[in-house]
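Colleague: just a sequence and a predicted model for now, questions to come.
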Amino acid sequence: MTEPTRREKLRPVEYVMLSGVMALFAGLVVLMVTRDPLMAFVGSGVVFIVVIIGIAMLLLAVSPNSTPDGEKSAPGTGND
């Protein structure tokens with residue numbers, strides 16, 4: 001078993017940082033519009049959660065599936 005590269009280890013941190021930046025931006029926009037810190041805090045929390053869930057769902061949609069047991073990976077081998 002090979003050890004994951006540095007890039008693979010830091011990938012989850014990148015997703016959390018992206019979500020944090022989006023939440024910070026949304027919180028600042030809400031704070032400038034309403035001037036209510038509690039509403040800005042709640043809004044940034046909601047945006048953080050929505051972005052994290054959106055990223056997770058997109059990653060689940062694009063991750064390649066492994067070849068099931070008993071099937072060959074090359075098409076046209078009679079197991080299609």
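Modeller: Structure's in. What do you need?

Colleague: alpha carbons only for contacts and neighbour counts from here, please
Modeller: Fine.

Colleague: in this protein, which residue is closest to the centre?
Modeller: Nearest residue to the geometric centre of the chain (Cα atoms, centre = their mean): Ile55, 2.6 Å.

Colleague: please name the residues that touch that residue.
Modeller: For Ile55, the contacting residues are Tyr15, by Cα atoms under 8 Å, 6 or more residues apart in numbering.

Colleague: repeat for Gly27
Modeller: Under the contact definition (Cα under 8 Å, 6+ apart), the residues listed for Gly27 are Ala40, Phe41, Gly43, Ser44.

Colleague: same question for Met39.
Modeller: Neighbour list for Met39: Val30, Leu31 [criterion: Cα under 8 Å, 6+ apart].

Colleague: next: Phe25.
Modeller: With contacts defined as Cα under 8 Å, 6+ apart, the neighbours of Phe25 are Ser44.

Colleague: if I look at it, how far off is Tyr15?
Modeller: Taken as Cα to Cα, to the nearest Å, the spacing of Phe25 relative to Tyr15 amounts to 16 Å.

Colleague: how about residues contacting stretch 12-23?
Modeller: Gly43, Ser44, Gly45, Val46, Val47, Phe48, Ile49, Val51, Ile52, Ile55.

Colleague: by neighbours, which of these wins?
Modeller: By neighbour count, taken as other Cα atoms under 10 Å, the most surrounded of those turns out to be Ser44 (25 neighbours).

Colleague: give me the element that one is part of.
Modeller: Secondary structure from DSSP states H and E places Ser44 in helix 37-62.

Colleague: where does this structure dip in pLDDT?
Modeller: Counting by pLDDT under 70, the chain contains low-confidence residues at 1, 63-80.

Colleague: longest helix anywhere in it?
Modeller: Secondary structure assigned by DSSP state H gives helix 6-34 as the longest helix of the chain.
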